[in-house]
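Visitor: Need a 3D model of the following:
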Amino acid sequence: MKRTITNLLLVVITTVFLTSCGDEPSLQQYFVNHQESANFISQDLPLSMVEIDKTGFTKEQLEAYESVKKLNFLGFKSNETNTEMYNQEIAKVKTILANEEYNDLMEFSDRGNKIIVKYLGEEDEADEVIVFGSAKETGFGVVRILGNDMSPEKMMTLIDAFQKANINEKQLENIVNFFK
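Guide: Below you'll find the predicted structure:
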């Protein structure tokens, strides 16, 4: 009897494990698989290392800023010789972001670049905010914004503030130079 219960538990645990590990790729897996690939750049930035003038921030923007702990960036540089690879890689990212677990936050164009913002989590608290931008001439970039108690609504105001903010590009020199 004890052996039967043990075998039954083993089958249940195995079933749960196998069904929880779906075949669908995650954004985190995509980052790990491509961080050292040709045409890609990867950089992790604690938000404390990014100097930004917060004096013009509203209370909501400041709360959103303080809820962010780290930024994970993955970029792909396109050129005339890797157009097919660019199209394949951008299709992979779009497929991942089309998964229903990613909630739409906003879409906009900035200086000719298409930007999509999504998040993982609940309506009142995001576990992760994803900013995906692309331009055929330069490539694409994905930023995973990680933190604690991030409100999707407040993150929208923070993204708006970042668009208007004066950010010292020296801090992001590696990324900027990669796309030149």
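Visitor: C-alpha only now, for contacts and for neighbours.
Guide: Noted.
Visitor: Would you mark the buried spots in the top strand by length along the chain?
Guide: Among all segments of the chain classified by DSSP state E, the strand with the greatest residue count is strand 139-150. Of the residues in strand 139-150, Gly139, Phe140, Gly141, Val142, Val143, Arg144, Ile145, Leu146, Gly147, Asp149, Met150 count as buried by neighbour count, 16 or more other C-alpha atoms under 10 Å.
Visitor: Figure out how far that strand is from the centre of its chain.
Guide: The chain centre lies 4 Å from the centre of strand 139-150; the measure is C-alpha atoms, centre = their mean, to the nearest Å.
Visitor: what lines up beside that strand in the sheet?
Guide: Strand 139-150 has the following sheet partners, assigned by DSSP bridges: strand 68-77 (antiparallel), strand 126-135 (antiparallel).
Visitor: Let me have those strands in JSON lines, extended by mean pLDDT, mean neighbour count and distance to Glu36.
Guide: Listed next are the strands paired with strand 139-150 as JSON lines, based on pLDDT from 0 to 100; neighbours: other C-alpha atoms under 10 Å; distance: least, C-alpha to C-alpha, whole Å:
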{"stretch": "strand 68-77", "mean pLDDT": "92", "mean neighbour count": "20", "distance to Glu36": "10"}
{"stretch": "strand 126-135", "mean pLDDT": "91", "mean neighbour count": "21", "distance to Glu36": "19"}
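Visitor: ok so, going back, and the buried residues of strand 139-150, which is closest to Val50?
Guide: Here the nearest of the buried residues of strand 139-150 to Val50, counting by C-alpha to C-alpha, is Ile145; it sits at 13.0 Å.
Visitor: For that closest one, report the pLDDT, please.
Guide: Listed pLDDT for Ile145 reads 91.
Visitor: Surely Lys118 is within a strand?
Guide: Yes - membership of Lys118 in a strand is supported by DSSP: H, G, I helix; E, B strand; the rest coil.
Visitor: quick one: terminal-to-terminal distance for stretch 42-51?
Guide: End-to-end span of stretch 42-51 (C-alpha to C-alpha, to the nearest Å): 19 Å.
Visitor: Run through the residues that contact Thr157.
Guide: The contact partners of Thr157, taken as C-alpha atoms under 8 Å, 6 or more residues apart in numbering, are Glu60, Gln61.
Visitor: Perfect, I'm done here.
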